[in-house]
Structures are given as structure tokens and as C-alpha cells.
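# Curious how this folds, go ahead:
(chains A and B)
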Amino acid sequence: MRIVCPFCGERELGEFTYLGDAKPMRPVAGASEDEVFDYVYLRDNVAGETSEYWYHGGGCRAWLKVTRNTLTHEISSVEAAAGAGAAKVGA
Amino acid sequence: MAEFSWAPRSSLEKALVAGAHGARGIEAGVSLTEIRNFDLIQVMARRGKGAELAKATKARFGVVPPDAPKAVQTPDATLIWSGPDQFFVLSKGGKHTMLTLAPALSGPASLSDQSHARVLISISGAKARTTLAKLSSIDLYAGAFPIGAAAATSMDHTSVTLWRGGDRPDELAVFNLLVFATFAESLWHTMLDAAAEFSVDISHSEELA
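Numbers count the residues shown, from 1 in each chain, chains lettered A, B, ... in the order given. Got it, this is the predicted structure:
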């Protein structure tokens, strides 16, 4: 598998580290215990398109948001995660 | 009170043995040169200050810093891309150190002195590309990786900053790489193993390629 880093171009999988599902959003302060439990522990086991965080640690050290199909491993989009590169923040 | 001696030494001081290495009886296909005593400052734009940093860099060096994997040469420094909104300033002779760069760039950027934190290795020769092809998945052929091209990548699971410098007088390509000092010896041995079959000419120098 290769990932096309938006900063570096196409690179082999060995340069990247997988973090996990990019979907869960941190609940607001004062959220219920159920919402926090859901955020911390519960993950969807998606058969199909899913978005994930990957870290290009063996390259430019940017966090990336990758849209990947878990059935075909086809990657349909790779973008910089929020906070990757100072110029991207709030852009 | 104990006396300390803080004389800087190369991380390759023991591993690097100048002279011929590997296959005998053939002309050296690879030249491996460690470049010592350089000044290296990492410059990282503060949040949202990428454009401001580019402006301040232009005012200081006369060129804008690379915003893609490239190395930009100025008369007395090389600006090497190391990631989004960050780059290295490589120079020598104390021209661009923390002391001189901080007043110009520390407004829009964080600066960090990496002079003794990295080892700089220059690889050239007729078999340089073949050697690097064993260690790197980057396409280094002339059309794909021209002079001034750079890459933040990994070799032998070790993070490196690689860029192509100006050609040698005999027109052969020169590849420069910066590696973390503590990983340098390990990568050095890997490179020697990869190059041994082509015969290696090992040296160290104080001159930036």
C-alpha cells in the first residue's frame, strides 16, 4: 500500500503510522457519561469507505486524514489533518 | 569541581575510516564523504505565520524558503525543506547561527540549533544512485530528482533529509543527507554494506558540497 502525502508525494506504507478512526469527535465539556464512553471506547467496524488518521513520521511528520475503502484498500483522498503545518491552521 | 571538556566531535569519528572500502581492484564507484563543522538551524513557522516567515526569510536571504520538497541555494547558505512550513538553514563559518538568525526570524518562527544533532553525509559517484536504490524508495534518477530536489524520507527505518546538490566537476550527481546524530553510525554501516560491491572511497571534509 502506498499513500500520496499531500506534502511529499507518493510514499511507501513503512513511512506512515496508523492512528485510527478520524470520525469520533471529542464531546463538549459536561457531556454525559454515555457520550464520553462512546468517544473513548466504541468504534464502528466499517466495511467500505472510512476516514482515518495517519502520521507521516518517516517523512515530513505531518498528520494526514486518509479516506480508505476497507474492502478494496482503495484510497480516495488524502488531506492534511487540522494542525498539519502552521499555514494550514485556520486556512 | 569536576572539569569538563566539551570539544565537539563527529558521531562518525570511530566508524569513519578514511580510504578505500569494499571491492578491490576496481575504480571506486561510490564516494562517501562526511561533512563536518557546519551550522544547521531548523526554522518552523509559528501557527498561521507561514507567509510572514517567507517574507522575513526573503528579507534575510534574498530568496523565499522552499514550500515544497526542494533545496534552495543562496550565496552562503542552503535552505532545505523539512516539512510543511519548516526548513533547515545549512551554512558554515558562523554566518547563520542562532545568534544571527534569531533576531531576523524568531518573530514568525521557532528556531532550533541542530548543528551537533545531525550528521551530514554526501554520496556521489557512478554507482551512487544504485547504492541509494538499495536503501531508499525515492526515485533518484535525474529527471525525477533534479538538482535542488529534496525529500524528507526514511532509509533503513531511519528518518533522513535527502537532497541533490550541485554536480561534481566530473558531472556526476551529488546526494546529501542529514541524519540524526545518534542514528548516523547505524546508517553509515548500512550504507557501507550497500556500497561495498562497487568499491567505496571514504573521506571527511569541512567543505559543504
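# give me the number of residues near residue A:46?
15 (other Cβ atoms under 10 Å in any protein chain shown). Bear in mind the C-beta positions are built from the backbone N, C-alpha and C, glycine included.
# separation between it and residue A:6?
Distance, residue A:46 to residue A:6, using Cβ to Cβ, to the nearest Å: 23 Å.
# Residue B:67 too?
Residue B:67 sits 12 Å away from residue A:6, taking Cβ to Cβ as the criterion.
# Which one of these two is surrounded by more residues?
Legend: neighbour count by other Cβ under 10 Å for residue B:67 and residue A:6, higher for residue A:6 (19 against 15).
# So is the helix or strand bottoming out on mean pLDDT in chain A next to chain B?
None of the helices or strands of chain A scores lower by mean pLDDT, DSSP states H and E than strand A:17-21, at a mean of 91. No - Strand A:17-21 stays clear of chain B (Cβ under 8 Å from any Cβ of the partner chain), getting no nearer than 11.5 Å.
# At which residues are the helices of chain A located?
A:33-41 (DSSP state H).
# quick one: the strands in it?
A:2-5, A:9-12, A:17-21, A:49-55, A:63-69, A:75-80 (DSSP state E).
# Show the backbone phi and psi for residue A:6.
Residue A:6 has phi and psi values of phi -60, psi -20 when expressed as degrees, to the nearest 10.
# Tell me which residues touch it, please.
Shown in contact with residue A:6 (Cβ atoms under 8 Å, 6 or more residues apart in numbering or on different chains): A:62, A:64, A:78-80.
# pLDDT below threshold where in chain B?
B:209 (pLDDT under 70).
# so what are the domain limits for it?
As given by automatic domain parsing, the domain ranges for chain B are B:19-36+B:116-205, B:39-113.
# With distance to residue A:53 added, can I get the ones you listed in a markdown table?
Below are the domains of chain B laid out as a markdown table (distance: least, Cβ to Cβ, whole Å):
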| stretch | distance to residue A:53 |
| --- | --- |
| domain B:19-36+B:116-205 | 19 |
| domain B:39-113 | 16 |
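# Which of these sits closest to residue A:35?
Closest approach to residue A:35 among these (Cβ to Cβ): domain B:39-113, 29.2 Å.
# Please see if that closest one touches chain A.
Yes - against chain A, domain B:39-113 shows contacts by Cβ under 8 Å from any Cβ at B:44-51, B:68-69, B:82-85.
# Can you flag the buried ones in those?
B:44-45, B:49-50, B:69, B:82-85 (16 or more other Cβ atoms under 10 Å in any protein chain shown).
# so which pair among the residues you listed is furthest apart in space?
Within those (distances taken as Cβ to Cβ), the two that end up farthest apart are B:49 and B:69, at 20.8 Å.
# Geometric centre of chain A: which residue is closest?
What sits nearest the mean C-alpha location of chain A, by Cα atoms, centre = their mean, is residue A:53, with 1.6 Å.
# How about the contacts made by the nearest residue to residue B:117 once chain neighbours are set aside?
Here the nearest residue to residue B:117 in space, its sequence neighbours aside, is residue B:181; by Cβ to Cβ, 6 or more residues apart in numbering or on different chains that works out to 5.5 Å. By Cβ under 8 Å, 6+ apart, the contact list for residue B:181 reads B:11, B:116-119.
# If you rank those residues by neighbours, which is first?
So for those (other Cβ under 10 Å), the most neighbours sit at residue B:119, 25 neighbours.
# May I have the residues that are in contact with it?
B:10-12, B:34, B:178-181, B:184, B:188.
# can I get those in JSON lines with secondary structure?
Formatted as JSON lines, the contacts of residue B:119 follow (DSSP: H, G, I helix; E, B strand; the rest coil):
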{"residue": "B:10", "secondary structure": "coil"}
{"residue": "B:11", "secondary structure": "coil"}
{"residue": "B:12", "secondary structure": "coil"}
{"residue": "B:34", "secondary structure": "strand"}
{"residue": "B:178", "secondary structure": "strand"}
{"residue": "B:179", "secondary structure": "strand"}
{"residue": "B:180", "secondary structure": "strand"}
{"residue": "B:181", "secondary structure": "helix"}
{"residue": "B:184", "secondary structure": "helix"}
{"residue": "B:188", "secondary structure": "helix"}
